[in-house]
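Colleague: What follows is a predicted protein model with its sequence.
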Amino acid sequence: MKRLTLVVLVAVVALGATGLAQALGTRDNPIIWVFPPSTRAEVIEATAKKIVEDIGKATGLYIVPRVMPDYAALVEAFKAAEGNVMGTPTTDQYARISVETNFGAHARLAAVRRGYSFYFSSIYVPRAAGYTSIQDLNGKIWIYNDEGSTSGYVFPKKYLEDNGVVVGGVVKSGGHPNSLIALLKGQGDFCTGYGSPPEPPAGYDGPKWDYGMDPEMWIWDRENNALYPPEVRGTCVDLRYAVSQIEGMGTLEEIIEKIGVLDTVGPLPNDCIAFSAGFPIRVENAIVAAIIAHIRSPEGKALWSNPNFYEWTDVELIDDSYYDTYRSLVGLPNPKR
């Protein structure tokens, strides 16, 4: 962690000894860092604790991690904050937090996953069901993680409604991997969750995958209804990969052979690092610098990119305007600038 400490040293010094010792970021007045329960709660809790320890060591700040029980609780934590809360909200959470705090809460860093600063919602279906269009989901049982999830619920719900699909019932799973596990166990007919773009095979030098292309491009040979041969196959990095990393769920190849992607919805601006209204700007700047250095270090990247954490591979600097388009799409107001 020497490199991390050196990178953020200037930002820490800018806080001043008095700021670190007596103001926000001490045991008597800790910074509360809230995390959404997007994937596996036990993995998020352990990983968040290690990340917070690293950022605390790099900045000299005392930070307490809290994995929230659900998505709504994270929104409420920001609303009730007194300049002492930061968090890692999902896209929809941040959009609602910004509005409900009269744009006092603000985003500073957006997640980057494998080079993309945006992501998608995917509709996962059993291949054996033979679904070929969104209309086939009429009357079917929908599995999703939480009503506050952007890719698990908010955007796919709008997409289903826009296409006149009326589901026959719902199953709430509590986490993205849990949704796909429930689908594999036959507890519903389809599930929704995040959908990272596929990665091309080694040596590929053609155009990158873009929204609207086959979400199983380089992975599944639709003409022959089979996996592409290993020598020409790309890499699946969506929700199926995360589930394949859970003991007892089978290999990635086995899961792909059972579960396909019917459609994708997006693109969506990525999740973020945000700070509550009234958060001291010098403390904020030090934390932002530390997070950038941390995620770009080998140790930090291994933590942030865990498929059962949040799969962040980098961050980019943003401001609140990054979410203007999303707020408009879901009918929320944007600030007057």
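Modeller: That came through, no problem.

Colleague: Could you identify the helix or strand that succeeds the longest strand anywhere in the chain?
Modeller: Longest strand in the chain, counting residues (DSSP state E): strand 259-269. Per DSSP states H and E, the first helix or strand lying C-terminal to strand 259-269 is strand 272-275.

Colleague: show me where the stretch 151-300 of the chain has strands.
Modeller: 169-172, 190-194, 220-221, 226-227, 259-269, 272-275 (DSSP state E, counting those that start in this stretch).

Colleague: Make CSV from the ones you listed and add distance to Ile31 and mean neighbour count to it.
Modeller: Quick note: C-beta positions are derived from backbone N, CA and C, even for glycine. Listed next are the strands of the stretch 151-300 of the chain as CSV, based on distance: least, Cβ to Cβ, whole Å; neighbours: other Cβ atoms under 10 Å:
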stretch, distance to Ile31, mean neighbour count
strand 169-172, 31, 14
strand 190-194, 27, 29
strand 220-221, 45, 18
strand 226-227, 46, 13
strand 259-269, 25, 21
strand 272-275, 10, 24
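
Colleague: what would these look like in CSV with mean pLDDT and distance to Asn29?
Modeller: Shown next, in CSV, are these (pLDDT from 0 to 100; distance: least, Cβ to Cβ, whole Å):
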stretch, mean pLDDT, distance to Asn29
strand 169-172, 97, 37
strand 190-194, 96, 35
strand 220-221, 96, 53
strand 226-227, 97, 54
strand 259-269, 92, 32
strand 272-275, 98, 15
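
Colleague: Of the ones you listed, give the one that comes closest to Glu53.
Modeller: Ranking those by proximity to Glu53 (Cβ to Cβ) places strand 272-275 first, at 16.8 Å.

Colleague: Does anything pack onto the closest one? Which helices or strands?
Modeller: Contacts defined by 3 or more Cβ pairs under 8 Å, 6 or more residues apart in numbering; DSSP states H and E place strand 272-275 against strand 85-87, helix 91-100, strand 106-112, helix 281-295.

Colleague: so the nearest residue to Phe190 once chain neighbours are set aside is in which element?
Modeller: In this structure, Phe190 finds its nearest non-sequential neighbour in Val125, 4.8 Å apart by Cβ to Cβ, 6 or more residues apart in numbering. Following DSSP H and E, one finds Val125 within strand 118-126.

Colleague: still on that earlier bit, how about the helices and strands packed on strand 272-275, which one is nearest Asn29?
Modeller: helix 281-295 (10.8 Å).

Colleague: Kindly format the C-alpha coordinates of the closest one as PDB.
Modeller: C-alpha atoms of helix 281-295 as PDB (Å, rounded to 0.1, in the frame of the first residue of the first chain):
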ATOM      1  CA  ILE A 281     -15.100  19.500   0.800                       C
ATOM      2  CA  ARG A 282     -11.400  19.100   1.900                       C
ATOM      3  CA  VAL A 283     -12.200  15.700   3.500                       C
ATOM      4  CA  GLU A 284     -14.200  14.800   0.500                       C
ATOM      5  CA  ASN A 285     -11.300  15.600  -1.900                       C
ATOM      6  CA  ALA A 286      -8.900  13.500   0.200                       C
ATOM      7  CA  ILE A 287     -11.200  10.500   0.100                       C
ATOM      8  CA  VAL A 288     -11.800  10.900  -3.700                       C
ATOM      9  CA  ALA A 289      -8.000  10.900  -4.300                       C
ATOM     10  CA  ALA A 290      -7.600   7.900  -2.100                       C
ATOM     11  CA  ILE A 291     -10.300   5.900  -3.800                       C
ATOM     12  CA  ILE A 292      -8.800   6.600  -7.300                       C
ATOM     13  CA  ALA A 293      -5.400   5.500  -6.100                       C
ATOM     14  CA  HIS A 294      -6.800   2.500  -4.300                       C
ATOM     15  CA  ILE A 295      -8.800   1.000  -7.200                       C
END
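
Colleague: which residues of the protein fall in helices?
Modeller: Assigned by DSSP state H, the chain shows helices spanning 2-15, 17-22, 41-59, 71-80, 91-100, 155-162, 176-184, 239-244, 252-258, 281-295, 298-304, 324-329.
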